[in-house]
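Asks: Sequence first, predicted coordinates after that:
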Amino acid sequence: MTEVTVSIKNRAGIHARPAALIVQTASKFASNVWLEKGTDRINAKSIMGIITLGASFGTPIRILAEGKDEEAAAAAIQALFEARFEED
């Protein structure tokens, strides 16, 4: 299992557009991908799950990926967070 911790850098946090980008990216990979905020773990391929996390600016998020392309999946999701979901 690959684990990466990121923080939300865009001021608006994770709303519909960033959630859609995460789902689109995660869905490209065969691996299972999850996002964790505190004790909540959601499937990164579920837009409703991501939105219900209620993740705002500065919130630490753990990206967990498991499967044959887990490292690439985690890196791709991490890149979205680092790029502020192309916002700001």
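Replies: Perfect, thanks for sending it. Computed from a predicted structure; not experimentally measured.

Asks: what secondary structure does Arg11 sit in?
Replies: The three-state label given to Arg11 by DSSP: H, G, I helix; E, B strand; the rest coil is coil.

Asks: so it makes contact with Phe57?
Replies: Yes - between Arg11 and Phe57 there is a contact under Cβ atoms under 8 Å: 5.3 Å. C-beta coordinates here come from the backbone N, C-alpha and C atoms, glycine included.

Asks: In terms of secondary structure, what does the longest helix seen in the chain contact?
Replies: Longest helix of the chain, by residue count under DSSP state H: helix 70-82. The helices and strands touching helix 70-82, judged by 3 or more Cβ pairs under 8 Å, 6 or more residues apart in numbering; DSSP states H and E, are strand 2-7, helix 16-26, strand 32-37, strand 60-66.

Asks: what's the angle from the longest one to helix 70-82?
Replies: An angle of 160 degrees separates the directions of helix 16-26 and helix 70-82 when computed by axes from the mean of the first three to the mean of the last three Cα atoms, to 10 degrees.
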